[in-house]
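# next one to model:
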Amino acid sequence: MIYYLEKKEQTTYDVINFLYQQEYGTDVDAIATNTNLSIGKVSEILSELTHDFSLYFPDYDVREQFYRNSFNQVIKGSKFSIDLFTNMLLSRSIFCEFMMDLLHERTINHDIYAANRNISLSTVKREWRSLKDNLARHDIYIEKEQGFFKLKGNEEHMRYLFFVLIFYSNYAIPNYLTRADLQFYDNTILNNANEQSLRFLNIMLYTSLIRIKYGHLVSDEAEKHLFPDDLSSQEIFHNCFNSFYKGCKLPSKQLTRELNFLFFFSTILTLINIDTLSKMEANIPNNFFEDSLFPEINPIINEMTGIFNFKITPTEYFFLISNLSKVIRKKQVFGSVLELDIDFSGLNGFPKFVERLSNNLRQHPLIDTRHLFAIFYPILDKRKQPISILVASRLGTESQMLLQDKLQRFIQNDINFVHFMEEQPDIVVSDIFIDTKDTPCFLIKPYPTLKEIYRLSFEISKYINRDNILI
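Numbers count the residues shown, from 1 in each chain. Next comes the predicted model:
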């Protein structure tokens, strides 16, 4: 959603996003270097963020998000969330105000925007042109009809764009739905109703009802992709949600299409869980493997298993088939707007994952690298190898065993302790010099304190995440 921030807010987002990508924190110099800003500018932005966050979220302690210590370092707090900062920056953006006025087809007067925001008219017009350019990336255009500005383009793309914008800006909308309205989930094999699915569905229902109110309906073209999901109950869904559309006075065929659209959205909210699938194998529909996308999906699976050198179980195969099918159909319906949705740039492993992909998979027309990562990560994670560590101590076995026990408690990764360099450890930890050749060696004092163990574990964890031993 960074395209929907003004230049100043984009710069602020760059600073907070760089902090998000760090495991524990960083120093001001590093932020300045990586965002092409001066140290003074970074300090100014951090001060403004602290002040603005406290005003915008008075019930939250900003120090639980981040704080600066006496060494000019920026430390991530215990409850750091980039979503809160995105919410704050996006909700006060002029782009968000433009878009909400376009959704409700209100009068858009640049002079009023300039006066309300205490900015120049030329600035408003510049941001308006920028919005039009950003929308054009997704073949969505702003046109004037009978004195009102309206959005033109693919209706399903526009609805998903509003969904993402409302979600990330936390724009206030009515709560149409309660847990009782999700009873259709209780009659599905997957049974995955939760607070997030309630929120997502409420946003899309709200968006759809507003769009229908102004005569913008789901297209005939989209209908061929709104396939019935054999793992969910479409009939029960229609019965649950039909009442919300009564005031729309739609013809029966169009009402069914709108309900099918919302039902489709409900089925692609989240990925299907492997453990859930393992419990329901006996209930897999007989026609499930007749999906027309199979000829496209199977080569993706074969290439991925070859690149990462692993074999899959029947349950994992079903997991990959069903989730790849979900994501591909999601892209068929919502198009390039999907690229505004998820950002994995701050996740450990993602850059290395993309690096190992073939050009064919990096540029695949049906699925992007972020969704490949989201789908294949659970399978790769189950196959990750323990970190191999050799611990040596001049004080003998008792000291060595004590150090191993403390490392195991502080390092989150699975560890396989070895005893000889011939066993080719990934890391050596020692209180005495050892010629480890190319193997990283971390030196520590005999009988280290807990603070020293913590510092050592922190450095080892940084090394593990940097070299991404997982994949």
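# now this structure, which segments are flagged as low pLDDT?
Scanning the chain for pLDDT under 70 picks out 1-3, 184-193, 222-233, 276-291, 342-348, 465-471.
# report the longest helix in it, please.
helix 314-334 (DSSP state H).
# CA atoms only: put it into PDB for me.
Provided in PDB are the C-alpha atoms of helix 314-334 (Å, rounded to 0.1, in the frame of the first residue of the first chain):
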ATOM      1  CA  PRO A 314      -0.200 -37.500  -0.500                       C
ATOM      2  CA  THR A 315      -1.500 -35.100   2.100                       C
ATOM      3  CA  GLU A 316       1.100 -32.500   1.200                       C
ATOM      4  CA  TYR A 317       0.300 -33.000  -2.400                       C
ATOM      5  CA  PHE A 318      -3.400 -32.300  -1.700                       C
ATOM      6  CA  PHE A 319      -2.300 -29.200   0.400                       C
ATOM      7  CA  LEU A 320      -0.200 -27.800  -2.500                       C
ATOM      8  CA  ILE A 321      -2.900 -28.600  -5.200                       C
ATOM      9  CA  SER A 322      -5.700 -27.000  -3.200                       C
ATOM     10  CA  ASN A 323      -3.800 -23.900  -2.100                       C
ATOM     11  CA  LEU A 324      -2.100 -23.300  -5.500                       C
ATOM     12  CA  SER A 325      -5.600 -23.600  -7.100                       C
ATOM     13  CA  LYS A 326      -7.000 -21.100  -4.600                       C
ATOM     14  CA  VAL A 327      -4.200 -18.500  -5.100                       C
ATOM     15  CA  ILE A 328      -4.300 -18.800  -8.900                       C
ATOM     16  CA  ARG A 329      -8.100 -18.300  -9.000                       C
ATOM     17  CA  LYS A 330      -7.700 -15.400  -6.600                       C
ATOM     18  CA  LYS A 331      -5.400 -13.800  -9.100                       C
ATOM     19  CA  GLN A 332      -7.700 -14.500 -12.000                       C
ATOM     20  CA  VAL A 333     -10.500 -12.700 -10.200                       C
ATOM     21  CA  PHE A 334      -8.600  -9.800  -8.500                       C
END
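# from the contact counts, what lies against that helix?
Secondary-structure packing of helix 314-334 (3 or more Cβ pairs under 8 Å, 6 or more residues apart in numbering; DSSP states H and E): helix 155-169, helix 252-267, helix 274-279, helix 294-307, helix 369-382. To be clear about C-beta, it is placed using only N, CA and C from the backbone, and glycine gets the same treatment.
# tabulate those helices in TSV, adding columns for mean neighbour count and distance to residue 421.
What follows is the helices and strands packed on helix 314-334, written out as TSV (neighbours: other Cβ atoms under 10 Å; distance: least, Cβ to Cβ, whole Å):
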stretch	mean neighbour count	distance to residue 421
helix 155-169	22	50
helix 252-267	19	53
helix 274-279	15	38
helix 294-307	15	30
helix 369-382	18	28
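# save those helices as a markdown table, and put in distance to residue 139 too.
Formatted as a markdown table, these follow (distance: least, Cβ to Cβ, whole Å):
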| stretch | distance to residue 139 |
| --- | --- |
| helix 155-169 | 7 |
| helix 252-267 | 19 |
| helix 274-279 | 36 |
| helix 294-307 | 23 |
| helix 369-382 | 21 |
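# closest one to residue 453 among those helices?
Among the helices and strands packed on helix 314-334, the nearest to residue 453 by Cβ to Cβ is helix 369-382 (26.3 Å).
# tell me the angle that closest one makes with helix 314-334.
Orientation check (axes from the mean of the first three to the mean of the last three Cα atoms, to 10 degrees): helix 369-382 against helix 314-334 gives 170 degrees.
# buried residues, the longest helix of the chain. List them.
Within helix 314-334, the residues scored as buried using 16 or more other Cβ atoms under 10 Å are 315-316, 318-334.
# equivalent analysis for stretch 202-218, please.
So stretch 202-218, judged by 16+ other Cβ under 10 Å, has buried residues 202-212, 216-218.
# mind listing the strands for the stretch 351-471 of the chain?
Counting by DSSP state E, counting those that start in this stretch, the stretch 351-471 of the chain has strands at residues 387-392, 415-418, 427-430, 441-443.
# likewise the stretch 1-150 of the chain?
25-27, 66-68, 73-76, 141-145, 148-152.
# which residues sit against the third one?
So that's strand 73-76. 19, 22, 24-28, 31, 46, 65-69 (Cβ atoms under 8 Å, 6 or more residues apart in numbering).
# circling back to that earlier point, the buried residues of stretch 202-218: which two are farthest apart?
Distances among the buried residues of stretch 202-218 were taken as Cβ to Cβ; the most separated pair is 202 and 217, at 20.2 Å.
# residue 391 against residue 400, yeah?
Yes. In this structure residue 391 lies within contact range of residue 400 using Cβ atoms under 8 Å: 5.2 Å.
# in terms of neighbours, single out the busier of these two.
Neighbour count, other Cβ atoms under 10 Å: between residue 391 and residue 400, residue 391 has more, with 23 against 20.
# and this structure, what are its domains?
2-81, 94-153, 179-267, 274-382, 387-467 (automatic domain parsing).
# so how far is stretch 402-412 from its chain's centroid?
Its chain's C-alpha centre and that of stretch 402-412 lie 32 Å apart, by Cα atoms, centre = their mean, to the nearest Å.
# just the CA atoms of it, as CSV, please.
C-alpha atoms of stretch 402-412 as CSV (Å, rounded to 0.1, in the frame of the first residue of the first chain):
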residue,chain,number,x,y,z
LEU,A,402,26.5,-27.1,30.9
LEU,A,403,27.2,-24.8,28.0
GLN,A,404,25.2,-27.0,25.6
ASP,A,405,22.2,-27.0,28.0
LYS,A,406,22.2,-23.2,28.2
LEU,A,407,22.6,-22.7,24.4
GLN,A,408,19.6,-25.1,23.9
ARG,A,409,17.5,-22.9,26.2
PHE,A,410,18.4,-19.6,24.5
ILE,A,411,18.5,-20.6,20.8
GLN,A,412,15.1,-21.2,19.3
